[in-house]
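Student: Pasted the sequence and its predicted model underneath.
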Amino acid sequence: MPPPASGNQDGLRALDGMHQNPEMTLQFVCPKTQKPLPVPSERGSAYVAEHWNAEVMVPCPHCAADHMFFFKQGFMAGAIDVTDGVPPTFLAEAQS
C-alpha cells in the first residue's frame, strides 16, 4: 500500500494496527460505491487534537482503492452517528 499523501507529516493509515484500543469509529463513505467505510480510532481530547487536521488513508473493501479523508470529517460524522443513533445525514466524502 502506498504511504500517506506526500507533504503531510500527520498522515495516518487506517486499519494498519496503529490503533491498539479503538474507542470510537470514524465514519467515511466510498466515493465510488457510496457504501460506508467505518474506521476504528482512538479517542480522547489529546489524540483528537493531535490528529484533527491529519489525512487518513483508508483501503476500501468495496472498490479496492485507497481513499484519502480528513480525520476531522470522519470524527464529526462518527460523532453525529453516535449521538443521533441513526446514520448521519452527511458522511465524510473522499478528498480523492
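Tutor: That came through, no problem. Numbers count the residues shown, from 1 in each chain.
Student: From now on I want contacts and neighbour counts done on CA atoms only, so please keep to that.
Tutor: OK.
Student: Give the residue spans of the chain that score low on pLDDT.
Tutor: The chain contains residues with pLDDT under 70 at 1-22, 82-96.
Student: I'd guessed residue 60 sits against residue 38; true?
Tutor: No. Look at residue 60 against residue 38 with Cα atoms under 8 Å: they stay out of range, at 10.1 Å.
Student: Longest helix in the protein, please.
Tutor: As assigned by DSSP state H, the longest helix anywhere in the chain is helix 71-84.
Student: which parts of that helix are buried?
Tutor: 71, 72, 73, 74, 75, 76, 77, 78, 79, 80, 81 (16 or more other Cα atoms under 10 Å).
Student: got it, and stretch 49-62?
Tutor: 51, 52, 54, 55, 56, 57, 58, 59, 60.
Student: Quick check: end-to-end length of that stretch?
Tutor: Using Cα to Cα, to the nearest Å, one end of stretch 49-62 lies 30 Å from the other.
Student: so who does residue 78 touch?
Tutor: Residue 78 makes contact with 24, 25, 26, 27, 88, according to Cα atoms under 8 Å, 6 or more residues apart in numbering.
Student: how much space is there between the residue lying closest to the first one once chain neighbours are set aside and residue 27?
Tutor: In space, not counting the residues next to it along the chain, residue 24 is nearest to residue 41; the distance is 5.4 Å by Cα to Cα, 6 or more residues apart in numbering. Between residue 41 and residue 27 the computed distance is 10 Å (Cα to Cα).
Student: tally of neighbours for residue 68?
Tutor: Look at residue 68: counted by other Cα atoms under 10 Å, it has 22 neighbours.
Student: so residue 25 touches residue 37, yeah?
Tutor: No. Counting by Cα under 8 Å, residue 25 does not reach residue 37; the two are 9.6 Å apart.
Student: Secondary structure element holding residue 68?
Tutor: strand 66-70 (DSSP states H and E).
Student: list the helices and strands that strand packs on?
Tutor: Using 3 or more Cα pairs under 8 Å, 6 or more residues apart in numbering; DSSP states H and E, the elements in contact with strand 66-70 are strand 55-59.
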